[in-house]
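# pasted the sequence and its predicted model underneath.
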Amino acid sequence: MKIIHIGNIANVSYLLCHGLTTEYNIDTMLAVKDEPINFPFIYSKNNNPYQVNFFVFKTQRDYFNLLSEALTADILQFHGRIKAKQLPLELLHPRKIRHFHGSDIRNQSWRKNILLKTGSSIVREKVLISTFDLVNSWNDAQYLPNPVDPIFFKAFSSQDDYSIFLPARFENQTKGIQFAFEAWDRIKRLNKEVKLKVICWGEDLEYYRVKYKNDERIKWMQTLNQSKMAIEMANSSIIWGQFKIMSLVGLIELEAMALAKVVMMKFDEPKIAEYRPPICNVNTPEDLAQKTLQLLGDEGHRNRIGQQAQEWVKKNHSLKNVTRKLVDIYNNLI
């Protein structure tokens, strides 16, 4: 079997290629456009720890070579929205998958989503969606969980630095970052020792940099690669997730749970028990501040929640289990 993944969103396709190759010995290739990658955690042709087979295209000749390569594949798996240059590949190949990752549907207007669905129907592609909350937004879509990078399941020699780690982007509209800082304003008045660690990225970063420029208990970090992210998480007491999209547990939260860390976020639990992660759910900034202080004072309780979270992620989001589900989908298509 030969599979070509086209596009890399949030590093998911990179990990799927790695899992398909190592777990199932499937001939897998990741085709990516040669352009600057601004997302801090994504692997590329110059940062390839799992030795994934990359096909990098930039020129017209590269694209024609990709067309030729695609015709020899059993299945093409496209990641993200339909793009004009992908249409020849879609129309020429009989077996293709469109893999959406959340924001590529969630952030589109209803008109654009109708166009997406129409185009998807015309080219007769199988549709996968990585976030459970959006499965019902697409007819006949199938849920495929996001895989977690195996590095986050490793045992790290860590020391609790008595800190809260907020790795989400500084974006009020999509991540609800103001929710977290309202809680921080309360916590720092009641606890004189705990620190807050943040990553310098997102459209609202400068506002918060100016507002909290005199707060010496905030550690401002540059973007981190996967191994450094894992170390920072492992050393933290608590991980704060996102506080805007209440029906979504993102990759960063899943990675923290894989490290057996307590994740606190605003979350609207789905009715299906299989998709209810063991996180600490909060409703208001006051609620977040109160529960954070309680957990900071109870290491045993934090450890119990963390172990439950790690087991849940292993069961639902380990690379081995996710790629097994994907291989079943491939076999059904073929």
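Arrived safely, thanks for sending.

# any low-confidence regions in the stretch 151-300 of the chain?
The model of the stretch 151-300 of the chain has pLDDT under 70 over residues 157, 246-247, 270-274.

# again, only this time at 90
Residues of the stretch 151-300 of the chain meeting the criterion pLDDT under 90: 154-160, 173-174, 223-227, 244-251, 267-277.

# what's the single longest helix in this protein?
Taking DSSP state H as the assignment, the helix of the chain that covers the most residues is helix 299-317.

# buried set for that one?
Of all the residues in helix 299-317, those buried under the rule 16 or more other C-beta atoms under 10 Å are 302, 305-306, 308-310, 312-313, 316-317. Using the backbone N, CA and C atoms, a C-beta is placed for each residue, glycine as well.

# as CSV, those residues with pLDDT and distance to F243 would be great.
Converted to CSV, the buried residues of helix 299-317 look like this (pLDDT from 0 to 100; distance: C-beta to C-beta, whole Å):
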residue, pLDDT, distance to F243
R302, 95, 20
I305, 95, 18
G306, 95, 20
Q308, 95, 22
A309, 95, 18
Q310, 96, 23
W312, 94, 21
V313, 95, 20
N316, 92, 22
H317, 94, 21
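
# how about the helices in the stretch 101-250 of the chain?
Listed in chain order, the helices found in the stretch 101-250 of the chain under DSSP state H, counting those that start in this stretch are 103-106, 110-123, 172-175, 177-190, 205-211, 226-235.

# buried ones in the third one?
Buried residues in helix 172-175, counted by 16+ other C-beta under 10 Å: 172, 174-175.

# looking at the residues you listed, which one is closest to F57?
T174 (29.8 Å; C-beta to C-beta).

# direction included, what does the longest strand anywhere in the chain pair up with?
In the chain, with assignment by DSSP state E, the single longest strand is strand 27-33. With DSSP bridges as the test, strand 27-33 is paired with strand 2-6 (parallel), strand 54-57 (parallel).

# what's the neighbour count on E171?
Neighbour count of E171, defined by other C-beta atoms under 10 Å: 17.

# name the nearest residue to it, ignoring sequence neighbours.
In this structure, E171 finds its nearest non-sequential neighbour in G202, 4.6 Å apart by C-beta to C-beta, 6 or more residues apart in numbering.

# repeat that for W184.
Going by C-beta to C-beta, 6+ apart, W184 has L196 as its nearest residue, at 5.6 Å.

# what do you get for K266?
Spatial nearest neighbour of K266, chain neighbours left out: F243 (4.4 Å); criterion: C-beta to C-beta, 6+ apart.

# where does the nearest residue to V249 once chain neighbours are set aside land in three-state SS?
Excluding the flanking residues, the one nearest V249 by C-beta to C-beta, 6+ apart is P277, at 5.4 Å. Counting by DSSP: H, G, I helix; E, B strand; the rest coil, the backbone at P277 sits in coil.

# the most centrally placed residue in the chain: what's it in contact with?
Residue closest to the mean C-alpha point of the chain, counted by C-alpha atoms, centre = their mean, is L251 at 2.9 Å. Applying C-beta atoms under 8 Å, 6 or more residues apart in numbering to L251 gives the contacts 10-12, 146, 148.

# show me where the stretch 51-200 of the chain has strands.
54-57, 75-79, 96-100, 126-129, 142-143, 163-166, 195-199 (DSSP state E, counting those that start in this stretch).

# what packs against the fourth one?
Under the contact definition 3 or more C-beta pairs under 8 Å, 6 or more residues apart in numbering; DSSP states H and E, strand 126-129 sits against strand 96-100, strand 142-143, helix 319-333.

# pick the most deeply packed of the ones you listed.
Most buried of these, by mean neighbour count (mean count of other C-beta atoms under 10 Å): strand 96-100, with a mean of 24.

# export stretch 309-317 as CSV, just CAs?
Written as CSV, here are the backbone C-alpha positions of stretch 309-317 (Å, rounded to 0.1, in the frame of the first residue of the first chain):
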residue,chain,number,x,y,z
ALA,A,309,-5.5,11.8,32.1
GLN,A,310,-2.5,10.0,30.9
GLU,A,311,-4.4,6.7,30.6
TRP,A,312,-7.3,8.3,28.8
VAL,A,313,-4.9,9.9,26.2
LYS,A,314,-3.1,6.5,25.7
LYS,A,315,-6.4,4.8,25.0
ASN,A,316,-7.8,7.5,22.7
HIS,A,317,-4.9,9.4,21.2
